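>>> build the 3D model from these lines:
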Amino acid sequence: MGRAGIPSPMTWNTFLANVLADQPDANVLRHFVGFPILGAPTMLNNAAIVCLDIEWWQMDPKPTTEIGIAELLSKGVAPSTHAENILMGVQAAHARLMDNAHLLNSFKGAGDPEVFSFGTSKFVTAEEAKQVIINTFVRPRHGGDGSLQPIILVGHAVDNEFNHIQEAFGVDLRSYGTIVKVVDTQVMAREAGIQGPNGPSIGLNDLLAYFNVSIENLHTAGNDAAATLIAAVLIVLKDGLYPLGKPPAVVQGRHIQDVVERVMAIGKSSPPPPWGRQRFCTRCDRENHVRANCFAKVNCEICRTSGVKKLYNAHLTHATSKCTYNHYSLPLPDHGSRKVTPAVLPLAEGNDLSKPDA
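Take a look at the predicted model:
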């Protein structure tokens, strides 16, 4: 036997994962917000609570466009009104992949990646994004004994994130042995009796609305990561914070929306992450300005020679390398004649301005 009754071949994180396996998701999170699990190993207190959200372009083959990471830094304290003292510890980061940052979704409710409400967005290469993910889940444990910090991963329909990260970056998050518990806010909401308008599974926006919270521009990865952690805290503390049933918006003169907006303000005033770059133009690929301030001359030969009037009129709005018609068939010509057949370029070079449904 090893330390504290742990079999010697077993790591601390494996031991913690076994201890938490039969614990409901809500119980695990409550451990960190004033309601500890009786008999839980002291090591559990060292765990990080992390939410990871991935966004991708919804057209095949669905390249990754954004990564959102949020962490709950306030732990081990009893909640105040609306759990404000705990929610103040939600810290979020937002990364946009440079190769795909121009690919914007257009489905109903799609987020605007240029509007990150909880901090400052950074642009990263695919390799930098991969390293950000790895560094999030592979960290030395405090204490300097060489072991890795245990991670409690929080997500909303979290299995989607595992699959996409594996496909996009070749990273199997479970392989590092640091994730000791996966917590799903959809599961916790269902177990707490919170249902969506169309059935037992509830979307993130509806879940927030249940608690009288409105966070604009969801489906932006950084916003979703922070919003998911906020929702997770409110779910597990629901009965204690709001013992009379449906959560009221105002408790002791404090509106829950004011609490959330304070979290946003703190994030906006905090230093951005050390990785990546803050300026990158998704129109001309320069790193000294952003798209809104771009006056570079660009031209798309595909649209210019398409024989489609609407596309021709847009050919000065984007470069050839950023045209979605690198990947999709052009519409039938409606004027002139088509002069070139566009070559198929790598996926990372699609376009957000000239779309197949234009």
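
>>> rest of the way, CA atoms for contacts and neighbours
Fine.

>>> what's around residue 253, how many residues?
Neighbours of residue 253 under the rule other Cα atoms under 10 Å: 8.

>>> repeat that for residue 139.
There are 16 residues near residue 139, going by other Cα under 10 Å.

>>> just the pLDDT at it, thanks.
Here the pLDDT value assigned to residue 139 is 94.

>>> what do you get for residue 52?
Model confidence at residue 52, given as pLDDT, is 95.

>>> now do the SS call for it.
strand (DSSP: H, G, I helix; E, B strand; the rest coil).

>>> surely it meets residue 92?
No. At 9.8 Å, residue 52 does not count as touching residue 92 under the criterion of Cα atoms under 8 Å.

>>> who touches both of these two?
68-70, 225 (Cα atoms under 8 Å, 6 or more residues apart in numbering).

>>> so residue 52 and residue 92 - more neighbours on which side?
Neighbour totals were compared for residue 52 and residue 92, and residue 92 leads with 33 against 27 (other Cα under 10 Å).

>>> run through the bridge partners of the more buried one.
residue 70 (DSSP bridges).

>>> what separates the residue nearest to residue 190 when sequence neighbours are not counted from residue 189, distance-wise?
Spatial nearest neighbour of residue 190, excluding adjacent residues (Cα to Cα, 6 or more residues apart in numbering): residue 200 at 6.3 Å. Distance, residue 200 to residue 189, by Cα to Cα, to the nearest Å: 9 Å.

>>> so these two - more neighbours on which side?
For the pair residue 200 and residue 189, the greater number of neighbours falls to residue 189 (22 against 15), based on other Cα under 10 Å.

>>> for the more buried one, give me its contacts.
By Cα under 8 Å, 6+ apart, the neighbours of residue 189 are 195, 202, 207, 235.

>>> 6 Å instead, please
Not one residue lies near residue 189 by Cα atoms under 6 Å, 6 or more residues apart in numbering.

>>> which SS class is it?
Assignment for residue 189 (three-state DSSP): helix.

>>> as a check, name the ranges of all helices in the chain.
Ranges of helices within the chain are 12-20, 25-30, 84-87, 126-137, 159-169, 185-191, 204-210, 221-236, 238-241, 256-269, 301-304, 309-313, based on DSSP state H.

>>> among those, which comes closest to residue 176?
Between residue 176 and these, the tightest spacing by Cα to Cα is seen for helix 126-137, at 7.6 Å.

>>> isn't residue 236 up against residue 26?
Yes. Counting by Cα atoms under 6 Å, residue 236 does reach residue 26; the two are 5.3 Å apart.

>>> neighbours around the closest residue to residue 227 other than its chain neighbours, how many?
Closest residue in space to residue 227, ignoring its immediate chain neighbours: residue 215 at 7.3 Å, by Cα to Cα, 6+ apart. Residues within reach of residue 215, counting by other Cα under 10 Å, total 18.

>>> start at 29 instead
Okay, residue one is now 29; in that scheme the one you just asked about reads as residue 243.

>>> any idea of the pLDDT on residue 243?
On pLDDT, residue 243 comes in at 97.

>>> distance check, it against residue 60.
The gap separating residue 243 from residue 60 is 24 Å, by Cα to Cα.

>>> ditto for residue 192
29 Å.

>>> looking at those two, which is more packed in?
residue 60 (23 against 19).

>>> measure that one to residue 336 for me?
59 Å.

>>> try residue 146
From residue 146 to residue 336 the distance is 41 Å (Cα to Cα).

>>> those two: which is more packed in?
Shown here are residue 146 and residue 336; by other Cα under 10 Å, residue 146 has more neighbours (28 against 19).

>>> okay, now the unreliable bits of this structure?
For the chain, residues meeting the criterion pLDDT under 70 lie at 29-38, 172, 364-386.

>>> tell me how it divides into domains.
31-297, 325-377 (automatic domain parsing).

>>> neighbours around the nearest residue to residue 315 once chain neighbours are set aside, how many?
Distance criterion Cα to Cα, 6+ apart; nearest residue to residue 315, sequence neighbours excluded, is residue 308 at 4.3 Å. If you count neighbours by other Cα under 10 Å, residue 308 ends up with 20.
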